[in-house]
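>>> give the three-dimensional model of this entry:
(chains A and B)
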Amino acid sequence: DTEVTQTPKHLVMGMTNKKSLKCEQHMGHRAMYWYKQKAKKPPELMFVYSYEKLSINESVPSRFSPECPNSSLLNLHLHALQPEDSALYLCASSPSGDGWWWQFFGPGTRLTVL
Amino acid sequence: GQQVMQIPQYQHVQEGEDFTTYCNSSTTLSNIQWYKQRPGGHPVFLIQLVKSGEVKKQKRLTFQFGEAKKNSSLHITATQTTDVGTYFCAGQAGTALIFGKGTTLSVSS
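Below is the predicted model:
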């Protein structure tokens, strides 16, 4: 299995809703990432988990809460989002978090906040 | 903070013409990676360059890493309609990838 899967593919939520995005990889990778991508912009790093520990949090608002239950799974819990949070949310994984490997991206979850 | 500048932002070519995108970092990079994102798709890894002055080829694509490990380029020879998409360079600085803004390539047949 050489892919990163993400669910759901699309999500529409209101500003008072709570929802979660899920990411899974079975490549044995030990680093996993959450990115946010707006249209016609590069991916913007949100969080990095290395060996299941949060190693980077790029000053992301607390309405985004990451979780890494095990080495294959990464979740992003969403609560009280704003319309400007609408974007493509990409998960990626890498063999290790030491900065010497490329990243495999999942297909993303397209989020719309109403 | 560290930045990776990428030019041009957009490029339109006729099928068969060549295309080049350039990246320049404000600091020395440990490596540079290139990704391609098709319209409506997600970034897909193309290649990683690590050594100073490195040149790598993948069929019609040629990637270069500068001697000072601060700049890089991607050159596509004889573009095809399948080359359409946005090409991102990403410089590795520590454990984080710093993405350039991307070059969006359109090709008309």
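>>> ok, whichever residue of chain A sits closest to chain B to B:A90 distance?
Going by C-beta to the nearest C-beta, chain B is nearest to A:P42 of chain A, at 3.7 Å. Every C-beta, even on glycine, is put in place using the N, C-alpha and C of the backbone. The spacing between A:P42 and B:A90, counted by C-beta to C-beta, to the nearest Å, is 8 Å.
>>> repeat for A:Y51
22 Å.
>>> and those two? which has more neighbours close in?
The neighbour comparison of A:Y51 against B:A90 (other C-beta atoms under 10 Å in any protein chain shown) goes to B:A90, with 28 against 11.
>>> buried residues in the helix or strand where the more buried one lies?
Element membership of B:A90 [criterion: DSSP states H and E] is strand B:85-93. Neighbour-count burial for strand B:85-93, counted by 16 or more other C-beta atoms under 10 Å in any protein chain shown, picks out B:G85, B:T86, B:Y87, B:F88, B:C89, B:A90, B:G91, B:Q92, B:A93.
>>> relative to chain A, which residue of chain B is the closest?
Counting by C-beta to the nearest C-beta, chain B gets nearest chain A through B:F99, at 3.7 Å.
>>> show the pLDDT at the residue lying closest to that residue once chain neighbours are set aside.
Computed as C-beta to C-beta, 6 or more residues apart in numbering or on different chains, the closest residue to B:F99 that is not its neighbour in sequence is A:P42, at 3.7 Å. We have a pLDDT of 96 for A:P42.
>>> again, but for A:T2
Per-residue confidence (pLDDT) for A:T2: 68.
>>> is the strand holding B:A90 positioned near chain A?
Yes - applying C-beta under 8 Å from any C-beta of the partner chain, one finds strand B:85-93 touching chain A at B:F88, B:Q92, B:A93.
>>> still on that earlier bit, what's around the residue of chain A closest to chain B, how many residues?
23.
>>> check what contacts the helix-or-strand element of chain B with minimal mean pLDDT and list those residues.
Least confident helix or strand, chain B: strand B:96-99 with a mean of 86, by mean pLDDT, DSSP states H and E. Applying C-beta atoms under 8 Å, 6 or more residues apart in numbering or on different chains, the contact partners of strand B:96-99 are A:42-43, A:45, A:48, A:56, A:99, A:103, B:2-4, B:25, B:33, B:88-92.
>>> just those: which are in strands?
In strands, defined here by DSSP state E, the members of these are A:L45, A:V48, A:I56, B:V4, B:S25, B:Q33, B:F88, B:C89, B:A90, B:G91, B:Q92.
>>> which residues touch the second one?
A:V48 makes contact with A:A31, A:M32, A:Y33, A:L54, A:S55, A:I56, A:G97, B:T95, B:A96 under the criterion C-beta under 8 Å, 6+ apart.
>>> for it, which non-adjacent residue is closest in space?
That would be A:I56: by C-beta to C-beta, 6+ apart, it lies 3.7 Å from A:V48.
>>> and A:E84, its phi and psi?
When read as degrees, to the nearest 10, the backbone of A:E84 gives phi -70, psi -10.
>>> which residue packs closest to it, ignoring adjacent ones?
That would be A:V113: by C-beta to C-beta, 6+ apart, it lies 7.9 Å from A:E84.
>>> check B:I7 too.
B:Y22 (5.5 Å).
>>> surely B:K69 is in contact with B:E54?
No - here B:K69 does not reach B:E54: they are 9.2 Å apart, not a contact under C-beta atoms under 8 Å.
>>> out of those two, which sits in the busier spot?
B:K69 (21 against 18).
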